[in-house]
Structures are given as C-alpha cells and as structure tokens.
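Visitor: sequence first, then the predicted structure, then my questions.
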Amino acid sequence: MIEVLFFLVILFGVFLQSSVGFGTVVTMPLGILLMGMGVTKPVVTFIALLTGLTVVITEWKHINWRELAKMAAVMLVGVLAAQWVAGQVKMSFLLAIYGAVVIGIGVKKLFWPAAKPASKAVQNLALAVAGIMQGLFVSGGSFLAVYAVDRMPEKRELRATNNALWAILNTVMLSLTFAGGQVDKKVMVMGAIAIVPMFLGTWLGGVFAHRIKQQTFLKMVYVILIASGIVLLVTNL
C-alpha cells in the first residue's frame, strides 16, 4: 500500500514538473515520509531526469540556450557543494531545515505572491540556493522560479528551458549517486516501476499546460506543500 501511494506521489510530481516547471519540491517531502530518503532521492532524481528529457524532445525549439547555460553553470556549483554538506551534517537536521523551507515556500506563494520582479541580486542569490537545494533534496524548482520566471516570461520557453536544466542537473546527480554506491536492488526496481506513472504524469501535464489556467490549481499545491513541510519538520525535530 505504501508503495502504491509512493507511485501516486511520483505521478503527481511529474504532472507538476511537466505542466508548470516544478514538481519535486512536492514529491520529495511526501516521498520521504513514505519511503525514506535512501529510496526517494535516487528514484525522484531518475524520474525527474526522464521527465526533463521527455519535455525537451517535444519542446526543443523553445529552449533559451543562453539562460540554460548560465543556470546550469551556477546550479552545478551548488549541486556539488550540497554533496559536501550532506557528508558533514546529520540528515535529520537537514530534513528538519528542509521541512521549514518547504513551509516557507508554500506560505509565501499562497499568501504573498510576488507583485513585481525581484532585483537582479535576489534573482542570482535564488539561483545559487536553487543549486544547493537541488543537490540536497532534488528540490531547486521554487528557488529557480524566482530567477527564471522574470527572465523567460513566455510559458513554453520557460517550460522547455527549465526541463532541459533538470535533465542536465539530474544526470550529474544520478551519476554521483551511482558512484557513491547509493543505488541498491530495491531502488532500481522502484525506479523501473516509476517509469509508468512518469509517462502518464508527463502526458497529463502536457495537456494541462496548454488548456487549463494554473492559478487555482497552484493554490491547492501550495496547501499540500505546507502540510507536507509541517509533517517533515515535526518528524525530524
């Protein structure tokens, strides 16, 4: 039963990534609660990689290559820095911090959405933090949005470029995971099964992206985000 719930979480997260450009910030806290970090992180990284590639194949012409190069360069530094941090700090402490960050993101986006573009300094800082959050928890999307939404206001350009970025970053992260011996038989089986909800979520996300207004749906997502962050914070204190 827990595994079924986990795959439903994967489907929902892929749907979000495919339609609005982020999803793992919801998938990770829920997945950790169900299956733990050891299974959730490599499986979500693998699925986010495949999702990114799937979107890129269909939206190749809309990628902003200049912004992609900058975002990838900055965030890769953060991803590598996160690997060092993860080896120095207790995971329970990092998960508690992650829960607090997830709550903050959900509350901010639900009650105080940005009324105007952030300054360039704030955008660049958010980009750096996005790399660290991606490296630790495969959850850099919300911070990346602070930078990317204002730089690429056209929806298809944003969607294509973001997913190309996730494909690059998650390839690096998955390679580091394999090199660190963190992928066992259970992770490989779960990852293989998760391909099914990934393709379904990608298809649904593509339909949603072109036909449905996002604002009401996103408010529901932010409520889920706050709830999952609270549980993650409380269980790791």
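Guide: Perfect, I can see it now.
Visitor: every contact and neighbour count from this point should use C-alpha atoms.
Guide: Will do.
Visitor: show me the contact partners of whatever helix or strand Thr54 lives in.
Guide: Using DSSP states H and E, Thr54 sits in helix 37-59. For helix 37-59, the external contacting residues (CA atoms under 8 Å, 6 or more residues apart in numbering) are 10, 14, 17-18, 24, 27-28, 31-32, 137-138, 156, 160-161, 163-168, 170-171, 173-174, 177, 182-183, 186-188, 190-191, 194-195, 198-199, 202.
Visitor: give me the contact list for stretch 70-81.
Guide: So stretch 70-81 is contacted by 127-136, 165, 168-169, 173 (CA under 8 Å, 6+ apart).
Visitor: how does it look with 10 Å?
Guide: The contact list for stretch 70-81 (CA atoms under 10 Å, 6 or more residues apart in numbering) reads 65, 67, 82, 85, 124-138, 140, 144, 147-148, 161-162, 164-166, 168-170, 172-173, 176.
Visitor: pull out the buried members of the residues you listed.
Guide: 67, 82, 85, 124-138, 140, 144, 147-148, 161-162, 164-166, 168-170, 172-173 (16 or more other CA atoms under 10 Å).
Visitor: could you give the backbone dihedrals for Glu154?
Guide: As for Glu154, its main-chain torsions (degrees, to the nearest 10) stand at phi -80, psi 130.
Visitor: and the helices in this protein?
Guide: With DSSP state H applied, the chain shows helices at 2-20, 24-35, 37-59, 65-88, 91-111, 120-137, 141-151, 155-179, 185-193, 195-211, 215-235, listed in chain order.
Visitor: lowest mean pLDDT across these, which one is that?
Guide: Ranked by mean pLDDT, the helices of the chain end with helix 215-235 at the bottom, a mean of 75.
Visitor: and that one, what's buried?
Guide: Within helix 215-235, the residues that count as buried by 16+ other CA under 10 Å are 221-233.
Visitor: among the residues you listed, which one lies nearest to Gly104?
Guide: Of all the buried residues of helix 215-235, Gly104 sits closest to Ile226, with 7.7 Å by CA to CA.
Visitor: and that closest one, how far from Ala194?
Guide: 25 Å (CA to CA, to the nearest Å).
Visitor: cool, Leu174 as well?
Guide: From Leu174 to Ala194 the distance is 16 Å (CA to CA).
Visitor: give the contact list for Ile10.
Guide: 4, 16, 23-24, 26-28, 30-31, 40, 43-44, 47-48, 194-198, 201.
Visitor: same question, Leu232
Guide: 29-30, 32-33, 92, 95-100, 102-103, 226.
Visitor: make it 7 Å
Guide: Taking CA atoms under 7 Å, 6 or more residues apart in numbering as the contact definition, Leu232 lies against 29, 95-96, 99.
Visitor: over to Phe93?
Guide: Taking CA under 7 Å, 6+ apart, one finds Asn236 in contact with Phe93.
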